[in-house]
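Undergrad: Could you work out the structure for the sequence below:
(3 chains)
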Amino acid sequence: MLQTLIPLFVDALASAALIFFVAVGLTLVFSVLRVLNVAHGSFYSIGAYAAASLGLWIVSAGLPDWLTFPALVLSAAFVALLFGPLVENTLVRWTYGKSDAVQVLVTFGLFLILEDLQKMVFGVQSLYQDTPMSMLGITELGGIVYLNYQLLLIVLAGVVLVALRLFIGHSRTGRLIAAVVADREVSQALGIDTNRMYTIAFTLGVFLAALGGAMATPTSGVSPGLGADTMVLAFAVAAIGGLGQVEGAAIASLIVAVAKVLAIYFAPEFDAVAPYVVMLAVLLVKPYGLFGSPTTRRI
Amino acid sequence: MNRSSLALLAAALLIAGLAPLAFPFLQFVLTIALAKGFAALGVALLLRAGLISLGHAMFYAVGAYAAAFLAKSLGFTDMMGLIVAATIVSGLCGLLVGLFLVRYRAIFFAMLNLAVSMVVFALLSKLYGLTGGTDGMAVAVPTLFGLTLTKEGSDTVLFYLALVLAAGLGLVVHRYLKSPLGHALSAVHSNEVRLEYLGVSAASTLLTAYTISATLAGLGGAIAALSIGHVLPEFAFWTQSGQLVLTAVLGGISGIAGPFLGAAFLEGVHTLAVGTVADAWNLIVGAVLLVVIFFLPRGLFGLIEKIAGRKTQAGETEL
Amino acid sequence: MTKPLLRAENLEISFGGIRAANGVSLEIGEGEFVAIIGPNGSGKTTFLNLCTGYIRPTRGKVWLGDMEITRMAPRAIARRGIARAFQIPQLFADHSVLDNVMLAIAARRGIWDALNPLDRPDYRREAGELLDLLDLGAHADTIAGTLPEGLRKLADVTVAMALDPKLLLLDEPTSGVSALERFPLMDTLMKAMRTRGITALFVEHDMDIVENYADRVIVWEAGKVMAEGKPADVMKDPRVLENVVGVA
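TA: Modelled structure (predicted):
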């Protein structure tokens, strides 16, 4: 039994890692900007497309295979720098102070635009670039075979979680951002450039989403529609953990991944539905998520 | 409703009713426009309470699938009966989903609606035995009070029936919005705390609106199902919900005609664009949505009013 | 006192270590116009919140007439006859003043009406009478959000009165109103309340207002009732003078 369960569990942890990247970006942006970016999932898929394209190009250009690793992170960074400041300065900033309905509609409009833009730029076929995964190979322990790439994902997710916590708690920029979260007006009165903080936080969120997408390409590839599916899943996870709660996103990612695994094991047709069942169950008992509150104000 | 609005409505109905006689291809386009108009009207109702349903296509799909399912498994094919039954089914679904969702506001409400609709989509796609899975279900040509009809005949009856329903239900919803309950709905958006201190339950007010809006969307779905002759899981997909939101916002949410106007406009453009820019349809929808939000907060209907020289009145809604 | 309209018994509640209500007991009789005074943070607004169901006490009870309302929701208490006007006026900002009042009337007479218009002759008439009573008649069609501060307060009270309450709670009715307008505002309010036979409890900081309009004064201090009685008597009480009025 363990022979089947452990690999499934490792699969779950790896997919939890990927979901964590995109969910924590969403929750972070919400925490700092009080904006729920409906287009957040699109950055996941754009990151994936960018990473897959770059990786394929590296291989086809005869460049050394190991370059596909930094390519993953570079693609994510590129996407973040390209879209982050641009989107935040124009569309998102326009919605500050306006009703929530406007905010949802604007980011939703962006989402629709990005969906077709992706198809136009990257085509409608699935892209698959597994060099990083095959390069890392496998490990065998106690009769069970582990994909090293999955172990990398899990470790990377842990690193990101710790890094975020250190950044927010201990770096100068991070503390400034936390101040803005705690009290916007006082921060401005103190001379903090809140607009710059918003841009930084938003760009960081985009980076995390794109990173998730990029890291997912070796194992799952990318195809049209990934953005929409990921968006709803990211929201479900962020909602379960509590919007604005970084650690909550981590725990929720784990819970959702485990739920998916159980579904695959017991009711395979419903594995796509499992995260939402969990969300429903959690929200019925705790309407604002496990660690959230109606006026969540901390990261 | 004042004289000029009534006259405008009558004129619009007349044009819509007569146009297909001159241009037969318009009948199908207008039927679908009416179907989506009902659903968009449902979305518009919720927008008045400041709530955006990003998943309303699920009720459209429920209505469509209910019609298809009842026709198929119960052999029940009467047009009126199917429409009524499918509408009731979607209304009940709206009530059930609403019970959970009306606790939430703003973003949470929007995203939860989206999530539930994706679940509906997933179920419709996976439950092959019940729903035909990704292939969907065919819908038999409906009968009318026992009379068998040709497809053309049934389409024509369906169109005029939809037109009459739009006029009739439109007036009913208009009265609802002018009633105490309708005012309470926009009061939830204005000042929910005050409303509660008046002794009115915001949750019950919203639940009523949500159920009505789900019913309207289901009605639209049933009409669409009977018209197209086939139902697919895509009816529930988020892109459909997105288009419904755009339709409502584009048309204008302060009146009843707005959503239908928006739907007619969009269906028209879509039909014309099918050959050329079909691949970029979402992009166009998204871009138009942004343009409307930035420059036309009161939608096309507001634009028409501006051109006609009418000033904004007290209590009219914009985003 | 013959059967009191409002009775509080030993109310207790704490917020983060501060005892906002520390054994509050009092009675308000029908027809009385009672002022609540006390330093900031002494628990006056907390008391109003406890009476309207906004918060629940950890101990103690509140009665409206014969009915215990301690644990009822704000909605239910509003329906049972306690109406509230807020320190920051709470109106439906994008509706007209008339619509605001008519909605309150509809809430009282039956909100579950989906087919008849809100704007109907008898609601209009009643709203109009009420607005005239509070000297707001001229502003009936003004959008509530655009009213100046003083009129917003009046509108807030009008909306509360449209509920035809047994007890009206006013949270600092004259705060934010210029010194010139305070007495006329209170005159209007008093006249309206006497006409309608409404019992009122109001939180106030302005001692002149209290002296001139209150039948009785209850003095709050550190979450408890420190003194009560006629304004003239209470104002002579040295403890009150020291703690509340600020005269050594």
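Undergrad: List phi and psi for the residue positioned nearest the centre of chain C.
TA: Geometric centre of chain C, nearest residue: residue C:169, 1.7 Å, by CA atoms, centre = their mean. Reported as degrees, to the nearest 10, the phi and psi values for residue C:169 are phi -110, psi 120.
Undergrad: Return the set of residues that bridge with it.
TA: Here residue C:169 shows beta-bridge partners residue C:84, residue C:201, assigned using DSSP bridges.
Undergrad: for chain B, what spans make up the strands?
TA: With DSSP state E as the criterion, chain B has strands at B:137-138, B:230-231.
Undergrad: Which of the three states applies to the residue in chain C that chain A sits nearest to?
TA: Closest approach between chain C and chain A, counting by CB to the nearest CB: residue C:94, at 11.5 Å. C-betas here are computed from N, CA, C, even on glycine. With DSSP: H, G, I helix; E, B strand; the rest coil as the basis, residue C:94 sits in coil.
Undergrad: Where among the strands of chain B is average confidence lowest?
TA: For the strands of chain B, mean pLDDT drops lowest on strand B:137-138, to a mean of 88.
Undergrad: Can you list the strands that it pairs with?
TA: With DSSP bridges as the test, strand B:137-138 is paired with strand B:230-231 (antiparallel).
Undergrad: which residues are in contact with the partner strand?
TA: Strand B:230-231 is contacted from outside by B:61, B:64-65, B:67-68, B:136-139, B:225, using CB atoms under 8 Å, 6 or more residues apart in numbering or on different chains.
Undergrad: possible to save those as a markdown table with neighbour count?
TA: Converted to a markdown table, the contacts of strand B:230-231 look like this (neighbours: other CB atoms under 10 Å in any protein chain shown):
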| residue | neighbour count |
| --- | --- |
| B:61 | 31 |
| B:64 | 33 |
| B:65 | 30 |
| B:67 | 32 |
| B:68 | 26 |
| B:136 | 20 |
| B:137 | 21 |
| B:138 | 14 |
| B:139 | 25 |
| B:225 | 32 |
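Undergrad: In helices only, show me the residues you listed.
TA: Among the contacts of strand B:230-231, DSSP state H puts B:61, B:64-65, B:67-68, B:225 in helices.
Undergrad: Do a quick rundown of the strands in the chain.
TA: Let's take chain A. Using DSSP E, the strands of chain A run over residues A:138-141, A:144-147.
Undergrad: other chain: chain C
TA: Secondary structure of chain C, counting by DSSP E: strands at C:6-15, C:18-28, C:33-37, C:59-64, C:67-68, C:82-85, C:167-171, C:199-203, C:216-221, C:224-229.
Undergrad: mind saving the C-alpha coords of the second one as PDB?
TA: Spelled out, it's strand C:18-28. What follows is strand C:18-28, C-alpha atoms only, in PDB (Å, rounded to 0.1, in the frame of the first residue of the first chain):
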ATOM      1  CA  ILE C  18     -11.000  47.700  29.100                       C
ATOM      2  CA  ARG C  19     -14.300  47.300  30.800                       C
ATOM      3  CA  ALA C  20     -16.600  49.200  28.500                       C
ATOM      4  CA  ALA C  21     -19.600  48.200  30.600                       C
ATOM      5  CA  ASN C  22     -19.000  47.400  34.200                       C
ATOM      6  CA  GLY C  23     -22.300  46.500  35.700                       C
ATOM      7  CA  VAL C  24     -24.600  49.000  34.100                       C
ATOM      8  CA  SER C  25     -28.100  49.200  35.400                       C
ATOM      9  CA  LEU C  26     -30.700  51.800  34.600                       C
ATOM     10  CA  GLU C  27     -34.400  52.400  33.700                       C
ATOM     11  CA  ILE C  28     -35.900  54.700  31.100                       C
END
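Undergrad: now for it, which elements pack on it?
TA: strand C:6-15, helix C:44-51, strand C:59-64, strand C:224-229 (3 or more CB pairs under 8 Å, 6 or more residues apart in numbering or on different chains; DSSP states H and E).
Undergrad: Contacts for the lowest-mean-pLDDT helix or strand in chain C, please.
TA: Every helix and strand in chain C was compared by mean pLDDT, DSSP states H and E; the lowest is helix C:238-240, with a mean of 78. Residues from elsewhere that reach helix C:238-240 (CB under 8 Å, 6+ apart): C:219, C:226-227, C:234.
Undergrad: hmm, back to that, not counting residues beside it along the chain, what's closest to the residue of chain C closest to chain A?
TA: residue B:190 (5.7 Å; CB to CB, 6 or more residues apart in numbering or on different chains).
Undergrad: Next: residue B:140.
TA: residue B:71 (5.1 Å).
Undergrad: Hmm, residue A:158 and residue A:21 touching each other?
TA: No: the criterion here is CB atoms under 8 Å, and residue A:21 misses it with residue A:158 at 11.7 Å.
Undergrad: Looking only at neighbour counts, state which of the two leads.
TA: More crowded of residue A:21 and residue A:158, by other CB atoms under 10 Å in any protein chain shown: residue A:21, with 29 against 13.
Undergrad: ok, for the more buried one, nearest residue in space, not its chain neighbours?
TA: Closest residue in space to residue A:21, ignoring its immediate chain neighbours: residue A:212 at 3.1 Å, by CB to CB, 6+ apart.
Undergrad: In contact with the one you found: list those residues for me.
TA: A:18-22, A:25, A:44, A:47.
Undergrad: Turn the residues you listed into a markdown table, including pLDDT.
TA: What follows is those, written out as a markdown table (pLDDT from 0 to 100):
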| residue | pLDDT |
| --- | --- |
| A:18 | 92 |
| A:19 | 92 |
| A:20 | 95 |
| A:21 | 94 |
| A:22 | 93 |
| A:25 | 94 |
| A:44 | 95 |
| A:47 | 94 |
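Undergrad: Now restrict these to buried residues only.
TA: Buried subset of the contacts of residue A:212 (neighbour count, 16 or more other CB atoms under 10 Å in any protein chain shown): A:18-22, A:25, A:44, A:47.
Undergrad: State the distance from the closest residue to residue B:130 other than its chain neighbours to chain A.
TA: Using CB to CB, 6+ apart and skipping residues adjacent in sequence, the residue nearest residue B:130 is residue B:69, 7.8 Å away. To chain A, residue B:69 is 19 Å away according to CB to the nearest CB, to the nearest Å.
Undergrad: and residue B:69, how many residues sit next to it?
TA: With neighbours defined by other CB under 10 Å, the count for residue B:69 comes to 22.
Undergrad: now do the one 5 residues further on
TA: Residue B:74 is surrounded by 10 other residues when neighbours are defined as other CB under 10 Å.
Undergrad: Same check on residue B:258?
TA: Residue B:258: 26 neighbours (other CB under 10 Å).
Undergrad: Against residue B:292, how distant is it?
TA: Applying CB to CB, to the nearest Å, the value for residue B:258 to residue B:292 is 12 Å.
Undergrad: Find me the pLDDT at the residue lying farthest from the centre of chain B, would you?
TA: Going by CA atoms, centre = their mean, the residue of chain B most distant from its centre is residue B:197, 32.7 Å out. At residue B:197, the model reports a pLDDT of 92.
Undergrad: thought it was touching residue C:92?
TA: No: with contacts counted by CB under 8 Å, residue B:197 stays clear of residue C:92, the gap being 11.8 Å.
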